[in-house]
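Undergrad: What follows is a predicted protein model with its sequence.
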Number of protein chains: 4
Amino acid sequence: MIKAGIVGLGNLGSRHARNVIKLSSQVELIAICDRKEVVNRFLETHQVPYVYTDYDEMLQNPELDAVLIVTSVNAHFSMVMKAIAANLHIFVEKPLALTAEQAQEAQLAADKNPDKILMTGYMRRFDSSYMEAKRKIDAGEIGKPIMFRGYSLDKDSGAESAPERGDQNGAWYSEMIVHDVDLARWLLGSEVDTIRTVGGCYKHLEFEKYHDIDNACTLMSFKNNSMAMFYTGRTAPHGSHVETEIVGTDGIIRINAIPRKDRLDLYTPAGVVNECADDFLNRFADAFAREIQEFFTCIAEQRKPEMTPYDSQMVCQIAQKAYQAYLSKDLVTM
Amino acid sequence: MIKAGIVGLGNLGSRHARNVIKLSSQVELIAICDRKEVVNRFLETHQVPYVYTDYDEMLQNPELDAVLIVTSVNAHFSMVMKAIAANLHIFVEKPLALTAEQAQEAQLAADKNPDKILMTGYMRRFDSSYMEAKRKIDAGEIGKPIMFRGYSLDKDSGAESAPERGDQNGAWYSEMIVHDVDLARWLLGSEVDTIRTVGGCYKHLEFEKYHDIDNACTLMSFKNNSMAMFYTGRTAPHGSHVETEIVGTDGIIRINAIPRKDRLDLYTPAGVVNECADDFLNRFADAFAREIQEFFTCIAEQRKPEMTPYDSQMVCQIAQKAYQAYLSKDLVTM
Amino acid sequence: MIKAGIVGLGNLGSRHARNVIKLSSQVELIAICDRKEVVNRFLETHQVPYVYTDYDEMLQNPELDAVLIVTSVNAHFSMVMKAIAANLHIFVEKPLALTAEQAQEAQLAADKNPDKILMTGYMRRFDSSYMEAKRKIDAGEIGKPIMFRGYSLDKDSGAESAPERGDQNGAWYSEMIVHDVDLARWLLGSEVDTIRTVGGCYKHLEFEKYHDIDNACTLMSFKNNSMAMFYTGRTAPHGSHVETEIVGTDGIIRINAIPRKDRLDLYTPAGVVNECADDFLNRFADAFAREIQEFFTCIAEQRKPEMTPYDSQMVCQIAQKAYQAYLSKDLVTM
Amino acid sequence: MIKAGIVGLGNLGSRHARNVIKLSSQVELIAICDRKEVVNRFLETHQVPYVYTDYDEMLQNPELDAVLIVTSVNAHFSMVMKAIAANLHIFVEKPLALTAEQAQEAQLAADKNPDKILMTGYMRRFDSSYMEAKRKIDAGEIGKPIMFRGYSLDKDSGAESAPERGDQNGAWYSEMIVHDVDLARWLLGSEVDTIRTVGGCYKHLEFEKYHDIDNACTLMSFKNNSMAMFYTGRTAPHGSHVETEIVGTDGIIRINAIPRKDRLDLYTPAGVVNECADDFLNRFADAFAREIQEFFTCIAEQRKPEMTPYDSQMVCQIAQKAYQAYLSKDLVTM
């Protein structure tokens, strides 16, 4: 039995915690850590032996084999570094760090713990539709991949949540595009060469004061000569929209062009309607469960996850360069 | 050059007239007939040698080879009988007649003019989607047809137009279901055996006083053991909805499940929307043009249209029995 | 903690068992029962205190609060009767019994245990799409329901599995249509009045010798004057296809018109393809988990499931009449 | 009556010619010009007073009011210049010229004939779906346009047709992207600022020797800060695919995401299939008819088409820069 602790019990953290609990034949969730009222709320419905409000204290628990870090993005890097120092298996939500430099530092540190796992939570890879797309591509069903198109759109909303991210350059843009950058590298099988980003604040001008944008298009060329187009936005009228297309020499796969929330067609005076959902936790519920399962299975089988710390680091680095390309209004080369 | 006249220049009639005019290398529209103000409106944009307000008078024009009858349904039968007596080629809008008895009388009369064409305007057979479905079925692409499902739904509206049809039992129901009965016989390749209809006035109770209904389901068995389900309604919220499904032993074809008016997907706060149209003239614009073309090509090539007067008569007879099945609340056998 | 046992660990039974295990904070799976090799296979991955190969023996375990019956359909009735006698909460897979008489006997027996639950596994009611449809209907979003259309199609396959059902009249047809009959009563909120069924063996003539059919259409009228059309088939080329439509006076809901297995659009030389799945366990994975959750929550909260033993009994009775309607080639009245 | 001549009676030219003939109340097609065998084929089914094999000779016909130029792209520029010199109304298929310099020369010459029309055939603007999109955008239904995405994909085929275009740099790429550049300017309402193109020959390496490519992605920024992404390809497995998306601050419109050839859903063992068509003449049949109608209506009403010679010239110029951006592997500024 693997013994695990989790820090961060917000929406996504408590989801991860419950997914750990369901793996009861393989893992035991022995520790949780968050602010007092948050852990108390969790304890109303679940029993956990050790309860912490201090992360450093939790890391000193000698029974721990693995830790899950699901805190605010700002804390990822330092918490990962401490968990590496504590010689634990680590699952950290994406992104690994806020800057490319930190991500690289974390990667190098992790590489020195070769028998421990550092897995970043790019859950899309564990969604059944993406898994099927990857399987088809690997089986050659679309020939050689030529072009990747990735849309990551948040449902339209104002800047309420922006300040908590701090005053980071392009923090929201980076947090969104890392997913697509990960998919593009994964599906095109190559490294980015050049980047051009255009964009700005089109609707919610308040993001400007947080040095961020609300819509951007990014074009990348890859070293194997394949191409990628990205559209990253936070003003989608219909809901949370994650769409991916991969064009091969012999076939094209498009994923989630209509981000339906269910299997209903509604025939209404406005036309035929497919309702969409703005809740990525629901959209990727199975993927979140599957990635946690994979983390513990890797530990049990002493193998590494497909996505390496190097991948996590590269994704951060590319996202940072993509934002620099926006700022510089010029072509950026990796 | 075939010389043609048309009686009835309403929405559909003037559409047919314009389609005739476009066949300028093959046909000449020499005569039109309708009320004074209607013909005058048509003459504002088109030139026609002979203009009538009296159908009998038009029929006496010795230059006429063919007549198109696009009047109110009540007049179809008597006008067809007169045109048969005048020994003309006849195109008549569906249905051939309001009662099975009249339809049979017209069919028998037409059969005595073996070198003249009597074609009824079941335009769906000339729609490219239906033509493609028929081609696939005839080519064996779905195996042996087992089941037909036909939806004919009018966009929801009140009883404004009902009185003009007179106080006919089930006039609207019959006018709608004849299309699907025609398709079912055409695509299943067999004759109806038994009929069961349930239905009533669910929303527009005013139809009751015209002895009509606003929604009905009909189940028919065919002599070759195939089956057909019909849904006929006038309360569709989204628009005019003509949908057809044909299930074979090896494949299924569904036509127009989402009755889109164009190729747009609208991403809106309500979801992803496909707008629909309530205008069957637009939906079947190409089909209307193609059926008129076929009528004159049959005349030119001295061949008969695929749909015979017997077919027209059978369709009327089945529709009438289907409404009787509704009234009797029992199973009706043909 | 509720203590539960399960009999039947086939595909669906082991799925139910695993879903019970995941409810670890509420229930303990203390007993399993099946043939030796089947229970052994289950024990390879799970630990269960009591293991049986004899159902009667399991029922004598005094710790048991509840039993789940997931055996072959033939055994449902007698196992339910024994579990009622043992005074247990019962979850039984649908249908409750093979004949209307047995279903009624079980219902009457269950009604004498008013503080125990008898829940039949009509999982569609727990699928998020059906739940959303029901919510919209109850909220009046489509007005008054007029018409129900239910398709239940198995992926095309031969008669390999038929013999095990024994030589029951219309066993497959009944097993399929009970789902749609349940939905129709649930969504139309009324009882069946008349039934007409047409159908036969169109592709797999071997089913005739098991007194069964491979495709059928059924038309029912309901006592509140609403209507239902059913298409039940086992020759779907594309996969397992469960589609439902509910037409109201003000809106229409269609569920699963394209039974996609995932969110992929494949652009191929054949056209744009949505792959379908023939695996109803995957299609309804969430629904199966949710219905088991509901069963135990009802026990814990001492309330009754929405679907009553009377409902289960009525569904069996209607299905049986529907098959009689096929045999008699006549209209059948409930 | 306007008297018109046409040069070029290939697939598209004869389509235009027939569309002119159908406008019989407004226009008379008095002259055709092409190679001997081509004009003879046309004369088999149509009567035309004047027949030419020499364009210059046709231009000397004093009865001519207007000329339609539907020849190979190479000839557009010189034929337009001659028709301007002959003081005729001109409809020319897109693009106006092969180079930006020629396009500008033609524009300037045309501007000196202020009472004559020079209309370039960007037919997409006359497609009912694009017209509806434009109407919605102008009505503010999607807010302020932010982003344009244009796909123009030819069905996969080899380089058979390439040589006839001569050895022009990026001739195919330019011919394709001009359509989308026109749409982007039209729908975003602004001028291009910067361009980045990546691409190459991924499947049909033979295009390299014609100095062309088979797939490319292009990112443009516009002077009003809006953005455009283009995907131009000639290896689409499924057919001819023209898709357009326009994202506004309040709504998104996508046109033709599934380039269906008809309204059929085919349920097959491979899944649910929408067949696509590789024939843009069919896809845009109505648009071609409508643009010809507009050309003659403009003449009759003495007004200018919405698309000006300046627009045509700009589109050519942008397409040329976009190809230069590909060659230079750098950012290009207009």
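TA: Alright, I've got the coordinates.

Undergrad: where does chain A have low pLDDT?
TA: Segments of chain A classed as low confidence (criterion: pLDDT under 70) are A:158-168.

Undergrad: same thing but at 90, please
TA: Applying pLDDT under 90 to the predicted model, the residue ranges of chain A that meet it are A:22, A:24-25, A:45, A:73, A:98-100, A:157-172, A:205-212, A:277-280.

Undergrad: Need the CA coordinates for the host helix or strand of residue A:110. CSV is fine.
TA: Secondary-structure element containing residue A:110, defined by DSSP states H and E: helix A:100-111. What follows is the C-alpha trace of helix A:100-111 in CSV, where atoms were taken according to Å, rounded to 0.1, in the frame of the first residue of the first chain:
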residue,chain,number,x,y,z
ALA,A,100,11.0,28.7,-17.4
GLU,A,101,14.0,29.1,-15.1
GLN,A,102,12.2,27.6,-12.1
ALA,A,103,10.8,24.8,-14.2
GLN,A,104,14.3,24.0,-15.3
GLU,A,105,15.6,24.1,-11.8
ALA,A,106,12.8,21.7,-10.7
GLN,A,107,13.5,19.4,-13.5
LEU,A,108,17.3,19.2,-12.8
ALA,A,109,16.6,18.6,-9.1
ALA,A,110,14.1,15.8,-10.0
ASP,A,111,16.5,14.2,-12.3
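
Undergrad: which helices and strands does the next helix or strand after that helix pack with?
TA: The helix or strand immediately downstream of helix A:100-111 is strand A:118-121, counting by DSSP H and E. With contacts defined as 3 or more C-beta pairs under 8 Å, 6 or more residues apart in numbering or on different chains; DSSP states H and E, the secondary structure elements packing on strand A:118-121 are strand A:89-93, helix A:285-301, helix A:309-328. Quick note: C-beta positions are derived from backbone N, CA and C, even for glycine.

Undergrad: so residue A:241 makes contact with residue A:280?
TA: No - between residue A:241 and residue A:280 there is no contact, the gap being 9.9 Å when judged by C-beta atoms under 8 Å.

Undergrad: And those two? Which one has more around it.
TA: Set residue A:241 next to residue A:280 and count neighbours by other C-beta atoms under 10 Å in any protein chain shown: residue A:241 wins out with 26 against 22.

Undergrad: and whatever helix or strand residue A:137 lives in, does that touch chain D?
TA: Assigned by DSSP H and E, residue A:137 belongs to helix A:128-138. No - residues of helix A:128-138 are not located near chain D by C-beta under 8 Å from any C-beta of the partner chain, the shortest gap being 12.2 Å.

Undergrad: That helix and chain C in contact?
TA: Yes - on the criterion C-beta under 8 Å from any C-beta, helix A:128-138 is in touch with chain C at A:128, A:129, A:132, A:133, A:136.

Undergrad: How far away from the center of its chain is the following helix or strand past that helix?
TA: The element immediately downstream of helix A:128-138 (helix or strand, assigned by DSSP H and E) is strand A:145-155. Remark: strand A:145-155 is offset 14 Å from the chain centroid, using C-alpha atoms, centre = their mean, to the nearest Å.

Undergrad: Over to stretch A:209-224?
TA: Relative to its chain's centre, stretch A:209-224 lies at 17 Å (C-alpha atoms, centre = their mean).

Undergrad: For it, which residues meet the burial criterion?
TA: Across stretch A:209-224, burial judged by 16 or more other C-beta atoms under 10 Å in any protein chain shown covers A:210, A:212, A:213, A:214, A:215, A:216, A:217, A:218, A:219, A:220, A:221, A:222.

Undergrad: Return the closest of the residues you listed with respect to residue A:199.
TA: Distances from residue A:199 to the buried residues of stretch A:209-224, taken as C-beta to C-beta, are shortest for residue A:216 (2.7 Å).
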